[in-house]
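# Would you be able to build a 3D model of this:
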Amino acid sequence: MNKSELIEAIAERADVPKAQAGRVIDALTDVVGDALADGSQVSLVGFGTFLTRERPARSGRNPRTGETIQIAASRTPSFKAGKALKDRVN
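Here you go, the predicted structure:
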């Protein structure tokens, strides 16, 4: 399912126009992204938690030259599914 299909499905289930559903999806992604950028996590009970994980610095290899390079430490977004979502999928 892509973004336009998601907007269409939400518009049908919530009985709202597609434009309004699109604005809601855009607002949700903006709020979650801003929270993660600030180091916070967003928990939706029954669905899951959006959070960031720390990736330590490590060494890697350039596949073209075989040269060893240093890869900097970084934060990466992550999602941890809640129990209700896991049960629904299984």
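# Dihedrals phi and psi, the residue of the chain positioned farthest from its centre?
Relative to the centre of the chain, the most outlying C-alpha is that of Thr65, 33.5 Å out, by C-alpha atoms, centre = their mean. With angles defined as degrees, to the nearest 10, Thr65 sits at phi -110, psi -20.
# what's the distance between it and Arg58?
18 Å (C-beta to C-beta, to the nearest Å). For the C-beta atoms, the positions are set from N, CA and C on the backbone; glycine is no exception.
# Likewise for Ala73?
Ala73 is 8 Å from Arg58, by C-beta to C-beta.
# Which parts of this protein are helices?
Secondary structure of the chain (DSSP state H): helices at 3-14, 18-37, 83-89.
# The first one: which residues count as buried?
For helix 3-14, the neighbour count (16 or more other C-beta atoms under 10 Å) marks Ile7, Ile10, Ala11 as buried.
# can you redo those residues as JSON lines with distance to Val24 and pLDDT?
Supplementary listing: the buried residues of helix 3-14 in JSON lines, determined by distance: C-beta to C-beta, whole Å; pLDDT from 0 to 100:
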{"residue": "Ile7", "distance to Val24": "9", "pLDDT": "96"}
{"residue": "Ile10", "distance to Val24": "7", "pLDDT": "95"}
{"residue": "Ala11", "distance to Val24": "9", "pLDDT": "96"}
